[in-house]
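Engineer: Need a 3D model of the sequence below.
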Amino acid sequence: MAAKKLSETFSKTLIEEVGRWGCMKQTGVSLRYMMEFGSKPTDKNLLISAQFLHKELPIRIARRAIELETLPYGLSEKPAVLKVRDWYLDSFRDLRSFPDIRSTSDERDFTQMIKAIKVRHNNVVPMMALGLQQLKKEMDPKIVYEDLDEIHQFLDRFYMSRIGIRMLIGQHVELHNPNPPPHCIGYIDTKMSPVQVARNASEHARCVCLREYGSAPDFNIYGDPSFTFPYVPSHLHLMVFELVKNSLRAVEERYMDSDKVAPPIRIIVADGLEDVTIKVSDEGGGIPRSGLPKIFTYLYSTARNPLDENTDLAADMGTMAGYGYGLPISRLYARYFGGDLQIISMEGYGTDAYLHLSRLGDSQEPLP
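Structural biologist: Sure thing, here's the model as predicted:
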């Protein structure tokens with residue numbers, strides 16, 4: 001199917017409106033603000049929240065739609081990228097055609113609509129990955145991927161913005177949950193145990209490793225399970241899952257044909273005054289220093305590429321290996337609430353990943 005040009009699918013007025021909204025200033029919110037605001041999900045507060053989103057979401061979505069139109073190396077013309085662009089424009093149109101929110105019933109209708117927008121964008125990451133594959137197939141293999149800096153910077157901005165949009169929508173929708181889990185305000189668990197979340201994520205990663213290799217190294221977690229702080233458990237799960245999965249894979253592949261017992265992965269959770277830090281250490285042989293700059297790029301992966309096998313994109317996002325996306329996207333999740341992710345490697349021995357999570361909850365969303 002040939003993707004249609006912008007002007008064939010969308011009206012001129014809509015495109016002009018996207019241009020106008022894309023120039024408006026975005027408004028960031030902090031974890032603390034989301035927590036304080038959401039702790040009393042009264043009709044009045046939900047109304048204020050919906051009115052904020054009604055104005056904020058079109059600005060964020062318009063900015064991304066504009067960028068999707070102007071990507072270098074012909075990436076904007078790739079069918080998968082055009083599809084993503086159309087999702088963004090459809091969502092912009094839905095938001096802009098929704099009338100002002102004045103009553104509780106308006107707010108309920110609006111909540112249903114943004115819920116549908118979130119679902120529409122579920123497969124943006126694999127779809128963009130597919131667009132990059134389509135680009136890579138045509139590119140001169142001699143091009144150094146670090147030279148595609150513009151694309152990396154775009155993807156960092158694009159995915160960071162996506163994390164923010166999904167967090168804002170998800171948070172608002174979740175505040176409607178009549179039976180929220182204990183201590184939870186929307187997506188935020190005010191008493192999250194990082195040790196517990198790390199344990200669940202590590203078990204999950206170990207299952208994936210067992211499925212792929214038939215065996216998996218053990219892992220040990222060190223830290224106080226009763227220590228809690230406010231954070232978004234689903235974000236932490238995703239990051240720890242990714243780090244532990246990479247470590248398990250490295251150790252498994254290094255010890256596969258050896259008669260030695262594979263050494264366990266060590267996961268250490270430390271609570272400082274400013275940061276909670278989670279360190280994931282493995283003895284999987286490490287990464288050569290020349291390879292380290294590549295691990296946070298979107299065009300690099302050591303695993304076989306799942307998109308080459310014409311698999312159904314949505315069917316198995318569980319493996320995630322092969323998109324080359326796990327680390328750069330995990331780092332964005334960490335940075336979204338003021339944290340960071342660092343990887344330090346000893347070639348010939350193993351790798352240490354340091355995941356820093358800000359305890360303060362005051363940092364504003366980084367708005368690309």
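
Engineer: Identify the residues contacting His183.
Structural biologist: 189-191 (CB atoms under 8 Å, 6 or more residues apart in numbering). (Each C-beta comes from the backbone N, C-alpha and C, glycine too.)

Engineer: Could you look up the SS state of the closest residue in space to it that isn't next to it in sequence?
Structural biologist: Nearest non-adjacent residue to His183, counting by CB to CB, 6 or more residues apart in numbering: Lys191, 4.2 Å away. Following DSSP: H, G, I helix; E, B strand; the rest coil, we place Lys191 in the strand state.

Engineer: Domain-wise, how is the protein divided?
Structural biologist: 6-182, 187-358 (automatic domain parsing).

Engineer: any idea how far the last one is from the chain center?
Structural biologist: By that I understand domain 187-358. Distance, stretch centre to chain centre, for domain 187-358: 14 Å (CA atoms, centre = their mean, to the nearest Å).

Engineer: which residues of the stretch 151-300 of the chain fall in strands?
Structural biologist: Remark: strands assigned in the stretch 151-300 of the chain by DSSP state E, counting those that start in this stretch are 184-185, 188-192, 219-222, 229-231, 265-271, 275-282.

Engineer: Pairing partners for the shortest one, with directions?
Structural biologist: Strands flanking strand 184-185 in the sheet, each with its direction: strand 188-192 (antiparallel) (DSSP bridges).

Engineer: for the protein, what spans make up the helices?
Structural biologist: Along the chain, counting by DSSP state H, helices occupy 6-9, 12-21, 31-38, 43-69, 79-96, 104-120, 124-138, 149-174, 194-213, 233-255, 326-336.

Engineer: For Glu365, find the nearest of the domains of the chain.
Structural biologist: domain 6-182 (4.0 Å; CB to CB).

Engineer: which residues does Thr70 contact?
Structural biologist: By CB under 8 Å, 6+ apart, the residues touching Thr70 are Ser76.

Engineer: Tell me which helix or strand in the protein has the weakest average pLDDT.
Structural biologist: helix 6-9 (a mean of 61; mean pLDDT, DSSP states H and E).

Engineer: Nearest to Gly285 among the helices of the chain would be which one?
Structural biologist: Comparing the helices of the chain against Gly285 with CB to CB, the closest turns out to be helix 233-255 (4.7 Å).

Engineer: Just list what the closest one packs against, helices and strands only.
Structural biologist: Identification of packing neighbours for helix 233-255 by 3 or more CB pairs under 8 Å, 6 or more residues apart in numbering; DSSP states H and E yields strand 188-192, helix 194-213, strand 265-271, strand 275-282, helix 326-336, strand 350-358.

Engineer: Poorly predicted segments of the stretch 51-200 of the chain, please.
Structural biologist: Counting by pLDDT under 70, the ranges of the stretch 51-200 of the chain that qualify are 141-147.

Engineer: what about stretch 86-106, distance to the chain center?
Structural biologist: The chain centroid and the centroid of stretch 86-106 are separated by 24 Å under CA atoms, centre = their mean.

Engineer: what number of residues lie near Glu174?
Structural biologist: 16 (other CB atoms under 10 Å).

Engineer: Just say which of the strands of the stretch 151-300 of the chain is most tucked in.
Structural biologist: strand 275-282 (a mean of 22; mean count of other CB atoms under 10 Å).

Engineer: re the thing from before, and the gap between the residue nearest to His183 and Ser226?
Structural biologist: 10 Å (CB to CB, to the nearest Å).

Engineer: Repeat that for Ile185.
Structural biologist: Using CB to CB, we find Ile185 at a distance of 21 Å from Ser226.

Engineer: Can you tell me how far Lys118 is from Tyr255?
Structural biologist: For Lys118, the distance to Tyr255 equals 41 Å [CB to CB].

Engineer: cool, and Gly338?
Structural biologist: According to CB to CB, Gly338 and Tyr255 sit 37 Å apart.

Engineer: Neighbour count: the two, which is higher?
Structural biologist: Gly338 (21 against 18).
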